[in-house]
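coordinates for the following, if possible.
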Amino acid sequence: MTELATGDMPAKYGDIITAAQELFGEVGYDKTGVREIAERAHIAIGTLYSYFADGKIGVLTAALNERVERLAAYMVQTHETDPVDAFLDRVRRLNSEIARDPFLRRVFIDQDRVTEPRLRERGRQIIDDFGNEAVAELHRLTKAGLARCDDPEAVAVLLRVANVGWIATHASGVQSVEHVRFHETLLAAVRALIRPN
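Down below sits the predicted model:
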């Protein structure tokens, strides 16, 4: 039953997913246990296992998939009509959600701390998928003459690493500028970099 579509989720299933997302975002992978998820979801452990026979791994994988589905749907809601501005708005939406959402922050910055190989691989796959989509979009924009990007892979890495760097700096308590200000500056630099002459 772990492959339910978001709209088809029974209430308890949704409660489990929400609890897992909250706990993982608050305390990380190692400190998120099946018992804690069940308690947060206000269900018995047996109920959790009836939905997720593989326990913590299944719950966190489903929680990750659900959140990424919502993130992808949010990203495409841009109202920008200029193709370059639409691309940059999708990047803004993605990076802002990652910075705002504790669960997504953990996925992006605590990747190496997850000890379960299957979950770690799924997290890396998601990160790679977003990066590959950015690279493909930059190639499309360049091919159409709407952008000039000599190295789409480097631009995609710059966008990801800069955002993760801001999140890590912020989490460490080091004084920093607000994410919106940081991100607008980053996007302005990328816009200048990829605009055709």
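
can you pull the buried residues of the host helix or strand of V91?
Assessed by DSSP states H and E, V91 sits inside helix 83-100. For helix 83-100, burial by neighbour count (16 or more other CB atoms under 10 Å) applies to 84, 86-95, 97-99. In short, each C-beta sits where N, CA and C put it, glycine included.

what's around G145, how many residues?
Using other CB atoms under 10 Å as the criterion, G145 is surrounded by 8 other residues.

which of the three states applies to it?
Of the three states, G145 takes coil according to DSSP: H, G, I helix; E, B strand; the rest coil.

chain neighbours aside, what residue packs nearest to the residue nearest the centre of the chain?
With the centre of the chain defined as its mean C-alpha position, the nearest residue by CA atoms, centre = their mean is L104, 4.7 Å away. Sequence neighbours aside, I98 is the residue nearest to L104 in space, at 4.7 Å (criterion: CB to CB, 6 or more residues apart in numbering).

right, and that neighbour touches R92 too?
No - counting by CB atoms under 8 Å, R92 is not a contact partner of I98; they are 11.0 Å apart.

which residues does D112 contact?
Contacts for D112 (CB atoms under 8 Å, 6 or more residues apart in numbering) come out as R120.

where does it sit relative to G123, distance-wise?
Separation of D112 from G123 (CB to CB, to the nearest Å): 10 Å.

likewise L141?
Distance from L141 to G123, by CB to CB: 28 Å.

the two - which one has more neighbours?
Ranked by neighbour count (other CB under 10 Å), L141 and G123 place G123 first, with 23 against 20.

helix, strand or coil: sort out E22 for me.
Reduced to three states with three-state DSSP, the structure at E22 is helix.

just the CA atoms of the worst-scoring helix or strand of the chain on mean pLDDT, as PDB, please.
Taking mean pLDDT, DSSP states H and E as the measure, the chain has helix 102-109 as its least confident helix or strand, at a mean of 83. Listed next in PDB are the C-alpha coordinates belonging to helix 102-109 (Å, rounded to 0.1, in the frame of the first residue of the first chain):
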ATOM      1  CA  PRO A 102      12.600  21.400   7.400                       C
ATOM      2  CA  PHE A 103      12.000  18.000   5.800                       C
ATOM      3  CA  LEU A 104      13.400  19.100   2.400                       C
ATOM      4  CA  ARG A 105      16.300  20.900   4.000                       C
ATOM      5  CA  ARG A 106      17.300  17.600   5.700                       C
ATOM      6  CA  VAL A 107      17.000  15.700   2.400                       C
ATOM      7  CA  PHE A 108      19.300  18.200   0.700                       C
ATOM      8  CA  ILE A 109      21.900  18.900   3.400                       C
END
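
many thanks, have a good one.
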